[in-house]
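> When you get a sec, could you give me coordinates for this:
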Amino acid sequence: MNATAGTLSTRDRILDIAQRLIQSRGYNAFSFNDLAKELKLRTASVHYHFPTKADLGVALVRRYRGQLHHELDWIAKSGVDPLGSLEQFIAMFDRTFRSSNALCLSCVLSAEAPSLPKPVAAEVTRFIHDAELSLAKIFAAGKRARVMAFKGSPRTQARMLMAMIQGAMLVARGLRHRSYFRDMTRGYLGKYAVG
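Predicted coordinates:
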């Protein structure tokens, strides 16, 4: 993540540009030609690394899942209480949104799921399941420690939080109101706190 453009491999540069284009335009609104133009390469060079757009999409979501796991490991090792862990989880998405008004990659791809190649849609599903499972563990720990109160299962709460995060990003982008996302997520987290 800290590498400069000069030290990134062509493959990584393709993935970076594809991610930016998907997060700003959507999966169906860019082509290998768009990537080649930005990279100042021939389209064949892009196809050398990713024979099809589906191959590119799968690699991109797998990389994004890897980044999610890295962030979740960092949160787990940070020593904060479960409510603080939820705040840090939401902060990951807030950073993405604040940095460039970009939506979470899984949010954009979820919206386009009916038109995605099946392997890409399957990777998006895995990303969402991974995020929900990690959130469910945080909710369960919060309930056990009696620092969080909620009705229903931790998994249901995790699903609701993921839906709220993605929905809040979409609405905030539609309203062109960046603070909307933060206002919604802070208000949502407040309902879990005990005391």
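
> biggest helix in this protein by residues?
helix 118-144 (DSSP state H).

> now for that one, which elements pack on it?
helix 53-77, helix 82-100, helix 105-111, helix 154-175 (3 or more Cβ pairs under 8 Å, 6 or more residues apart in numbering; DSSP states H and E). All C-beta atoms are positioned from the backbone trio N, CA, C, and that covers glycine.

> Give me whichever of those helices is most buried.
helix 105-111 (a mean of 22; mean count of other Cβ atoms under 10 Å).

> who touches that helix?
Residues from elsewhere that reach helix 105-111 (Cβ atoms under 8 Å, 6 or more residues apart in numbering): 19, 22-23, 26-27, 57, 60-61, 64, 116, 120-121, 124, 127-128, 131, 165-166, 169-170.

> And Ala121, how far from Arg178?
For Ala121, the distance to Arg178 equals 29 Å [Cβ to Cβ, to the nearest Å].

> Could you double-check that Arg62 lies in contact with Glu123?
Yes: counting by Cβ atoms under 8 Å, Glu123 is a contact partner of Arg62 at 6.1 Å.

> Which positions in the strand or helix carrying Gln19 come out as buried?
Assigned by DSSP states H and E, Gln19 belongs to helix 10-24. For helix 10-24, the neighbour count (16 or more other Cβ atoms under 10 Å) marks Arg13, Ile14, Leu15, Asp16, Ile17, Ala18, Gln19, Leu21, Ile22, Gln23 as buried.
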